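Engineer: got a predicted model here, sequence first, then my questions.
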Amino acid sequence: MRRTRTAGLARSVSKKSCSPDNTACEGLFGTLKTELIYPRNWQNVALEALINQIGRYIRWYNERRIKLSLVSMVTAADGFVRRDGQAA
């Protein structure tokens, strides 16, 4: 929190322990990490490239991702992985 204030940034997620407001964000962040971040080695990727990939993923998530109840399959053409961590 201190680093956020020091950088002059405003929080976009509600306060701690306000689960109804945080649910959508937590779901997106968890899925983003599982499908985009964890399957790749980002060690030698420039910050700008990482930011671009996250933006691309969010656009894809909102516009193209097929949403099924438990096992979300995605297409290999999109370059992401299935929800269970296997390459699509």
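Structural biologist: Now that the structure is in, tell me what you want to look at.
Engineer: all contacts plus neighbour counts: C-alpha atoms, from now on.
Structural biologist: Noted.
Engineer: Provide a list of residues in contact with Ala10.
Structural biologist: Thr4 (CA atoms under 8 Å, 6 or more residues apart in numbering).
Engineer: pull the longest helix from this protein.
Structural biologist: helix 47-63 (DSSP state H).
Engineer: what lies in contact with it?
Structural biologist: Counting by CA under 8 Å, 6+ apart, Leu32, Leu36, Trp42 sit against helix 47-63.
Engineer: buried set for that helix?
Structural biologist: Residues of helix 47-63 classed as buried by neighbour count (16 or more other CA atoms under 10 Å): Ile54, Tyr57, Ile58.
Engineer: closest one of these to Cys25?
Structural biologist: Ile58 (11.8 Å; CA to CA).
Engineer: circling back: now, which of the buried residues of helix 47-63 sits nearest Arg5?
Structural biologist: For the buried residues of helix 47-63, the nearest to Arg5 is Ile54 (23.5 Å; CA to CA).
Engineer: mind checking pLDDT for that closest one?
Structural biologist: Looking at Ile54, its pLDDT stands at 94.
Engineer: Trp60 now?
Structural biologist: 84.
Engineer: ok, Arg64 to Leu28 distance?
Structural biologist: In this view, Arg64 and Leu28 are 14 Å apart by CA to CA, to the nearest Å.
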